[in-house]
Structures are given as C-alpha cells and as structure tokens.
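[1] Quick one, fold the following:
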Amino acid sequence: HILYYFLLQLSSTTSTSTINMASSLATILVALPQTPQCRSTFRSDPPKLSLTLNPKATVTCKATLSTTLETSIQQQQQQDDQKQKPVAEVWRKIHGEDNWAGLLDPMDPVMRGELTRYGEMAQACYDAFDFDPYSKYCGSCRFPLPEFFDSLGMTNVGYTMTRYLYATANINLPNFFRKSRWPHKMWSKHANWAGFIAVSDDETSKRLGRRDIVISWRGTVTHVEWVADLLNFLKPISPDIPCSDRKVKVEAGFLDLYTDREPGCGYCKYSAREQVLGEVKRLMEKYADEEVSVTIAGHSLGSAMAILSAFDIVETGVNVGKDGRKAHVSVFSFSGPRVGNVRFKERLEGGLGIKVLRVHNAHDMVPQSPGLIFNEDSPQWLLKLVEGWFPWCYLHVGEELQLDHKKSPFLNPDGDASCAHNLEAHLHLLDG
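    Now for the predicted structure:
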C-alpha cells in the first residue's frame, strides 16, 4: 500500500506515459497480509544474534623473508650436492670421454668446477710472469719453483711443481717474448719463461681418482696483436714432430716456438718440446703403478702450444706406461687460435683420440685466426680441394664451448678486443 501511494503521488508530477507505467506496476503488486505478526516484523528491529566463539591458540611466526630464502637456498644446495658425483667417479667424462655430451648446456657443476680449476692454472702463468721491462729478470718467472703456488696464494691447489718450461725468443713474436731494457744485466738473451709442469699430490690424486700431470702454457695476456706476427703459412709437422702422415701441417710460427732451441743458453738448450717430453716421461715412470692422466691447459698462444704438445705426447707414445696402459690426454683450450690443417684435425681427433675442449668468447678475434677464408665452416669438398695447394686453410679441433661477455651484467659490453680476449673474463663467465 505504501508503494502504491508513492506511485500515485509521483504520477501527479509526471507525464501520462509515466502514469500508465505506474498503473501497470500497481497491478502486479501483491498485497501483503496485515496481520499483527507481520506488522511487528516490519516495525521491529531485526533480532540480535548472540555468537559464542571458542578461543584458539595463538601462533607466532618468527620466520622472515630473508631467513626463508636462505633456508630454501641451503636446502637446494644440499640437494644439488647430493646429486653431484665425486670427481673420481666422473673424471673421464669431465675430460671428454663422451665429447662432453650433456655437460656443457646446462653446465654440469662438477664440470664447471674442474674447468675453472684448470683455467686458474693457466692464469697462474700470467700472475707469476715478470712483465717489468726495467727488471733484469723481465721475461722470467718471479718465484722459485718450490714456492710457486704458495707465492700466488694457491696453497691448497693440491699440486707439486716439478719443472718450469722455457722457449727460445729468437722468432718474431714480440708480444709474447719480453726482454729487459738493461741488456747487460739480462738473465737470458734468448729465453722466456713459457709455463710449468706440476703433478697432483697423494691427497688430491685420491680425490681425483688418478695421478694428474698438468702442463700449463703461458699466452699473451690481453694482447691480440701477436696474431699479425705469425708467419701464417702451413708447414709439415714432420720431421720436427714425428708423424706417419706427411700431409699433416701446422702453422709454422707455432711449430718453431715449440721446437726451436738455443744451444748456448742454459734455459733453452733444449727445446720446449724436449723439456715437455722428458718431464712427462719421467713422471710416467715414477707413477708407473698408478692410473695417470695428462691435462694440458693454455690461453691464447699458450692454447696453440697446448694442442701441439698434446699431439706430440700421444704421437710419440710418451703417455704409454711400461705395462702398456695409456694415460688419458686432454686439452682445455681458452681463447686459442686455429693450429693446423684438415689432416692435423683428423689425425688428432681420430687417429690419436686426443680430447680438446675449446672455450672462447663469441666476440674474441683470436679464435677466428688464422684461416679467415677457409676453415671448419667451409664445405668439406672445398677443404679437400684446396688443402693440397692453398697454404692458409686452418681448422679448429675438438668441441666448442662458446661464451658471451655481453650477456653478463658484471662485464662491460662495450669493451675493446683485448677485454674480449682476457682470460680472467673467461673464468668469470664460466663461474656464472
């Protein structure tokens, strides 16, 4: 009734259409019975509900976001550690038994640790080298042999230094060889310190699952100009390094650096090649009753020396023990150039079974040299066509692990060529 009265009042001020609409609405209204019970329901206040809540125990959360994240990270790390196998169980895979299948992308944590460790061995050559042109010892190692690792803060490296390596400075590689500006006080007019050989101690050998002989070659730090100093033509590797295949050829400058000697110099009376073979043979005889591996690491020009020395060790059979057991030979190459021709690649990978992992920065120019025209990216038929008469056909060997410093938020993406070539930048990228 109230609503009907309101509509009638509204009709007095509205148009005829509004009145008709109100009348139609009134016809569909249903009158509610006006019983006392109903009337009291409309006029009285709604009933009040009384609820009794049982008290519950109060729980105080003491955890914060940071502690929760730390706990989650620790649990994840513990799970990862449990999944990781000891190096002694997987060292053959780490050193290329299956050509590093499934270890590089994503990077296996054990693989990352071992690859970084050998990279630090190569970096140690730079850290120990005397670059000071005003020092009479420029071009030598700054530390005595027994104090090498301790002097570099690598006390727990787990290796014992056995020999320093020297190369003659008579070839044209000025960015590799350093000489003092005091010619009358020079420690040597013909030699430069080129690297070292070390062997794992008993405790480390137990952890690694074998006795590990490490050969580490010094490179050219950040300089990339040394590539222009190369003779840049292929030269037969034999007779300098005995090889049954006479068509195996390598870059002439690399071969000269590895095989040249200076009879009148006490440091390079024997070539770098003779120094390496002699020391590896001695260590193989010393540890004849153990399983032995030979791991060779090098950066830049040192990478080329590493590949050549690995080829030489296996080709001459120095890695074969008295009982006929062969030591596994592998190379970890950092930002290295191409070394030899098609036949060299086929002989090294197929005939000798040497495993090479080639780590490089996508923006580094050194791995693109020599062989800018004909290289591993060229069709096989073209390589076979030109290998006999074209002296600038070079191919990389082994497996590739490409890095990119421009994808790292911690490295300068606009750095120059020397920054892209720097070994410490490579190790930073490897470390994640």
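[2] Tell me the confidence at Phe131?
    pLDDT, Phe131: 88.
[3] With Tyr270 instead?
    With respect to pLDDT, Tyr270 has a value of 96.
[4] Over to stretch 405-420 now: how far is its first residue from its last?
    7 Å (Cα to Cα, to the nearest Å).
[5] So for that stretch, mean pLDDT?
    For stretch 405-420, the mean pLDDT works out to 74.
[6] Any buried residues in that stretch, and which?
    Applying a neighbour-count criterion of 16 or more other Cβ atoms under 10 Å, the buried positions in stretch 405-420 are His405, Leu411, Ser418, Cys419, Ala420. From N, CA and C alone the C-beta is placed, and that goes for glycine too.
[7] Equivalent analysis for stretch 380-389, please.
    Buried-residue list, stretch 380-389, by 16+ other Cβ under 10 Å: Leu383, Val386, Glu387.
[8] Could you list which of those residues belong to strands?
    Counting by DSSP state E, no part of those is found in strands.
[9] Make TSV from those and add distance to Asp364 and pLDDT to it.
    Shown next, in TSV, are the buried residues of stretch 380-389 (distance: Cβ to Cβ, whole Å; pLDDT from 0 to 100):
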residue	distance to Asp364	pLDDT
Leu383	23	81
Val386	26	76
Glu387	26	74
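[10] Columns distance to Lys189 on top of these, output as a markdown table?
    Formatted as a markdown table, the buried residues of stretch 380-389 follow (distance: Cβ to Cβ, whole Å):
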| residue | distance to Lys189 |
| --- | --- |
| Leu383 | 42 |
| Val386 | 41 |
| Glu387 | 39 |
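[11] Out of these, which is nearest to Phe344?
    Glu387 (10.3 Å; Cβ to Cβ).
[12] Pull the most distant pair out of the buried residues of stretch 405-420.
    Of all the pairs that the buried residues of stretch 405-420 form, the one spanning the most space (Cβ to Cβ) is Leu411 and Ser418, at 13.1 Å.
[13] Give me the common contacts of those two.
    Residues touching both Leu411 and Ser418 (Cβ atoms under 8 Å, 6 or more residues apart in numbering): there are none.
[14] quick one: the helices in the stretch 101-250 of the chain?
    109-128, 148-151, 202-208 (DSSP state H, counting those that start in this stretch).
[15] And for the second one, what's in contact with it?
    Meaning helix 148-151. Residues contacting helix 148-151 (Cβ under 8 Å, 6+ apart): Ala124, Ala128, Cys141, Arg142, Phe143, Thr155, Val157, Tyr159, Met161, Phe196.
[16] which parts of that helix are buried?
    Residues of helix 148-151 classed as buried: Phe148, Phe149, Ser151 (neighbour count, 16+ other Cβ under 10 Å).
[17] can you list those in CSV and add distance to Gly398?
    Listed next are the buried residues of helix 148-151 as CSV, based on distance: Cβ to Cβ, whole Å:
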residue, distance to Gly398
Phe148, 28
Phe149, 28
Ser151, 32
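[18] ok, so of the residues you listed, who is nearest Lys93?
    Among the buried residues of helix 148-151, and counting by Cβ to Cβ, the member closest to Lys93 is Phe149, at 27.1 Å.
[19] among the helices of the stretch 101-250 of the chain, which is nearest Trp217?
    helix 109-128 (7.0 Å).
[20] Which elements pack onto the closest one?
    helix 87-94, helix 148-151, strand 191-200, strand 211-217, strand 292-299, strand 328-334, strand 355-361, helix 423-430 (3 or more Cβ pairs under 8 Å, 6 or more residues apart in numbering; DSSP states H and E).
[21] where do the helices sit along the stretch 251-400 of the chain?
    Secondary structure of the stretch 251-400 of the chain (DSSP H, counting those that start in this stretch): helices at 252-259, 272-286, 301-315, 342-346, 380-386.
[22] most neighbours per residue, which of the ones you listed?
    Mean neighbour count, computed with mean count of other Cβ atoms under 10 Å, is highest for helix 301-315 among those, reaching a mean of 27.
[23] so how far is it from its chain's centroid?
    20 Å (Cα atoms, centre = their mean, to the nearest Å).
[24] helices or strands next to it in the packing?
    Packed on helix 301-315, when contacts are counted by 3+ Cβ pairs under 8 Å, 6+ apart, are strand 191-200, strand 211-217, helix 252-259, helix 272-286, strand 292-299, strand 328-334.
[25] worst average pLDDT in the ones you listed?
    Lowest mean pLDDT of these: helix 252-259, a mean of 91.
[26] tell me the angle that helix makes with helix 301-315.
    70 degrees (axes from the mean of the first three to the mean of the last three Cα atoms, to 10 degrees).
[27] quick revisit: among the buried residues of stretch 380-389, pick out the one closest to Gly321, please.
    Glu387 (35.6 Å).
[28] Could I get the contacting residues of that closest one?
    With contact taken as Cβ under 8 Å, 6+ apart, Glu387 is in contact with Lys247, Asn341, Val342, Arg343, Cys393.
[29] and Arg325, what pLDDT?
    Predicted confidence (pLDDT) for Arg325: 91.
[30] Can I get the helices and strands packed on helix 109-128 in CSV including distance to Tyr258?
    Below are those laid out as CSV (distance: least, Cβ to Cβ, whole Å):
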stretch, distance to Tyr258
helix 87-94, 27
helix 148-151, 23
strand 191-200, 9
strand 211-217, 10
strand 292-299, 12
strand 328-334, 14
strand 355-361, 16
helix 423-430, 20
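[31] Looking at the ones you listed, which is nearest to Phe374?
    Among the helices and strands packed on helix 109-128, strand 355-361 comes nearest to Phe374, with 18.5 Å by Cβ to Cβ.
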